[in-house]
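**Q** predicted model, plus sequence, below.
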Amino acid sequence: MIVIVNYGVGNLYSVKKAFEIFDKNIIISNKPWDIQRADKIVLPGVGHFKDVMEAIKNLGLFEALIEAGKNKPILGICLGMQVLFEESREGDTQGLSILKGRVIRFPNIIKVPHIGWNRVRFSSHPIFQGIPENPWFYFIHSYYPVPEEDVIIGRTNYGDIEFASAVSCDNIVGFQFHPEKSSEIGLGLIENFVRWK
């Protein structure tokens, strides 16, 4: 069973619809016990970092997600990837600290938010199996992660900024872009996560 975690952000059902193309055993839940019994977990991503972290704590999901991060495959999408890190400048808030690093805002010298299609230069990783080089994905974000570990598996340029657009460490993978909004290429990544061992 794959659990899409509902911590009060939008876009849940478009994520679920994309996953159901490859696996029908998908649920949306905000219950800690569903996270505990899940085979895989998806952290979706639209909203504000501080609001999401408050919801995670208020719903009793914090400890369940920390525990899941030790051994279950987790996919973080956009804000869902950012909360995997230690802290964010968006609300000066602590994250889940499953990955080391912080989340910062694009400087005002470039247009913020970063919205639209952009390329990702990725390194070898099973999540990118079958994906053509330098693919286009859909982005919408004002903040991006600065990892402290060697976890970057995808990079993107926006203005003069090169940022981590995909990360992975053991059972964790995260995208700053939205695969569910990125046409067939994005669906390919979702299928790879569904099949990922």
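**A** Here it is on my side, so go on. Residues are numbered from 1 along each chain as shown.
**Q** mind listing what's buried along the longest strand along the chain?
**A** Scanning the chain for the strand with the most residues, using DSSP state E, yields strand 161-169. Buried residues in strand 161-169, defined by neighbour count with 16 or more other C-beta atoms under 10 Å: Phe163, Ala164, Ser165, Ala166, Val167, Ser168, Cys169. Where you see a C-beta, it was placed from the backbone N, CA and C, and this is true even at glycine.
**Q** got the contact list for the longest helix belonging to the chain?
**A** Counting by DSSP state H, the longest helix found in the chain is helix 183-195. Residues from elsewhere that reach helix 183-195 (C-beta atoms under 8 Å, 6 or more residues apart in numbering): 2, 18-19, 21-23, 40, 73, 75, 126-132, 135-138, 173, 175, 177-180, 182.
**Q** select only the buried ones of the residues you listed in ChimeraX?
**A** To isolate the buried members of those in ChimeraX, using 16+ other C-beta under 10 Å:
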select :2,18,19,23,40,73,75,127,128,131,135,136,137,138,173,175,177,178,179,180,182
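**Q** for the buried residues of strand 161-169, which one is nearest Trp117?
**A** Nearest to Trp117 among those, counting by C-beta to C-beta, is Ser165 at 12.3 Å.
**Q** I figured the closest one hits His178, correct?
**A** No - the pair Ser165 and His178 does not pass the contact test of C-beta atoms under 8 Å, sitting 11.2 Å apart.
**Q** shared neighbours of those two, anything?
**A** Phe137, Phe139.
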